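1. need coordinates for the below:
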Amino acid sequence: MTPQLRQAIKLLQFTNIEAAAFVEEELERNPLLERDERTESAPEQPALDQRPETLEGMDAARLITEQKLPDAIDADHSNNFDAGGCADGAIQDVSYAGSRLGSTRDPFDDRGIQDLVEAPRNLRSYLTEQLRLSFSDPVDRAIGAQLINLLDPAGRVTVTTGALADALGIEEIRVARVRDTMTRFDPSGLFAPDLRGCLSAQLAERDRLDPAMQALIDNLDLLARRDLKGLMSVCGVDAEDLTDMLVELRRLDPKPGFSYDSSPVQQVIPDVLLRALPDGEWFLELNPDTMPRVLVNEAFHARISVGAERETRSYLGENLSNANWLVKSLQQRANTILKVAAEIVRQQDGFFRLGVGHLRPLILRDIAGAVEMHESTVSRVTANKYMATPRGTFELKYFFTTAIASSAGGESHSAESVRHRIRSLISAEDPVDVLSDDAIVSALRREGVDIARRTVAKYREALRIPSSVQRKREKTMSA
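-> Residues are numbered from 1 along each chain as shown. The predicted model follows:
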């Protein structure tokens, strides 16, 4: 296997972010490559109901070979602007801008509103400010600084007070005093060694740490088992008081550190876009925002190579070969992604039209055989690639599920659709008559799903749904 072939395989498996980063590296490394920043106006498109590139009645190979792909890839409007406007160097009239926007903002200030949003507060900086205000003694501040350094993301400090005192060479009673004070910092509950200490500190801050609540905190294992009778016994309260205590407990933050320093959620950028046409067919295209576009500057190569030394010509020839390979590989990557996605849409048409209950069993071999590719290629294409659909954005791997046999001998059922059905049955169950796993098995078999009890239990646990006994306790407590 040649290095270029190995790199082509890796490029096929890259996410859109990784592919863009790889292309950026190649642009820096290869002088014959340049970013395609053409801003030609897009050609006039026919009406949706007149477009021929639909999936209905068209096989995946034809979808690729009819030269529809470049239109999908090359559509780029990111650099379009109005001639004579601000983007063209013109200055707007300040009075007009002020009256239109309701402000007299500096016309030369090009910041957007997103730049004016307050930056998220850093937890450690915030705690350091409170440390300076709470302690004047340098030794106490040194202890506090070490405690801040030992914080884990949830806000815990698992190091014992004795171990910290030995490491700092300070009396344990002094370390304990500083730590106790810092548990009342905002947000309260930080610096505790465990969940029990975290909740206790928050209750103490609210002046709600009475003996009954302390007993509840000391017996969180009973709460995890939904043993309400046991909790009433150890806390010395009746059902009504216990319900109030649990409501109070739910208002606490078990991981106060997570409310700070949280990284923004990375938005998933789909590689493929799917939408329904007015006539009920599907239109599939690649997301132009995720397709890096590069050009080979052959004119530069021709100009420089004339009269160049042998070493220079060899260097330019190698870069020209690499540049052509990259352009070809990117095009092949786009073709393959679209080809596989088209076949997935065809195979899972019921899901897109009717929902997860109609998701069909599907394995890599099914798609590989239909598009005439190797299973390993299909596996690489579907890894970390996403499709935006009318039902949401899904990873391509989501559409591959194992089969569960039909009790009536008919078509098999998708494991994902069975999990969805289990969740639906439990959501609709009667609080007085909670469904056991055996009852769920019976209900599914009446619907034609041949499933074992242990499989139901496995799917239920994967969905993080408690057992019927625990659910009954919860519903009784809620009532």
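2. helix or strand right after the lowest-mean-pLDDT helix or strand in the chain?
-> Comparing every helix and strand of the chain by mean pLDDT, DSSP states H and E singles out helix 94-101 as the least confident one, with a mean of 36. Sequence-wise, the next helix or strand beyond helix 94-101 is helix 123-134, with elements assigned using DSSP states H and E.
3. tell me the buried residues in that next one?
-> In terms of neighbour count (16 or more other C-beta atoms under 10 Å), helix 123-134 has its buried residues at 123, 126-127, 130-131, 134. In this view, the C-beta of every residue, glycine as well, is placed from N, C-alpha and C.
4. contact partners of that helix?
-> Helix 123-134 is contacted from outside by 141, 144-145, 148, 151, 181-182, 185-186, 190, 257, 260-261, using C-beta atoms under 8 Å, 6 or more residues apart in numbering.
5. moving C-terminal of it, what's the next helix or strand?
-> On the C-terminal side of helix 123-134, the nearest following helix or strand under DSSP H and E is helix 138-149.
6. and that next one, what's buried?
-> When burial is assessed from 16+ other C-beta under 10 Å, helix 138-149 yields the following buried residues: 140-141, 143-144, 146-148.
7. domains in the chain, by residue range?
-> Using automatic domain parsing, the domain parsing of the chain gives 3-37+53-71+268-398, 123-259, 402-478.
8. the second one: end-to-end distance?
-> This stretch, domain 123-259, spans 9 Å end to end (C-alpha to C-alpha, to the nearest Å).
9. looking at that domain now, give me its mean pLDDT.
-> Averaging pLDDT along domain 123-259 yields 89.
10. with the last one instead?
-> Confidence for domain 402-478, expressed as mean pLDDT, is 84.
11. can I get the buried residues of helix 138-149 in JSON lines including distance to residue 465?
-> Shown next, in JSON lines, are these (distance: C-beta to C-beta, whole Å):
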{"residue": "140", "distance to residue 465": "48"}
{"residue": "141", "distance to residue 465": "49"}
{"residue": "143", "distance to residue 465": "45"}
{"residue": "144", "distance to residue 465": "43"}
{"residue": "146", "distance to residue 465": "43"}
{"residue": "147", "distance to residue 465": "39"}
{"residue": "148", "distance to residue 465": "39"}
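12. show me which of those is closest to residue 237.
-> Nearest to residue 237 among those, counting by C-beta to C-beta, is residue 147 at 35.1 Å.
13. hang on, the closest one packs against residue 191?
-> Yes - applying C-beta atoms under 8 Å, one finds residue 147 in contact with residue 191, separated by 5.6 Å.
14. coming back round to it: turn the buried residues of helix 123-134 into a markdown table, columns for distance to residue 355.
-> What follows is those, written out as a markdown table (distance: C-beta to C-beta, whole Å):
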| residue | distance to residue 355 |
| --- | --- |
| 123 | 42 |
| 126 | 45 |
| 127 | 47 |
| 130 | 51 |
| 131 | 54 |
| 134 | 56 |
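15. identify the farthest-apart pair in these.
-> Across the buried residues of helix 123-134, the two lying at the largest distance from each other (C-beta to C-beta) are 123 and 134, at 15.9 Å.
16. what lies in contact with the host helix or strand of residue 275?
-> Assigning secondary structure by DSSP H and E places residue 275 in strand 272-276. Contacts with strand 272-276, where a contact means C-beta under 8 Å, 6+ apart, come from 282-287, 337-338, 341, 345, 352, 385-390, 396.
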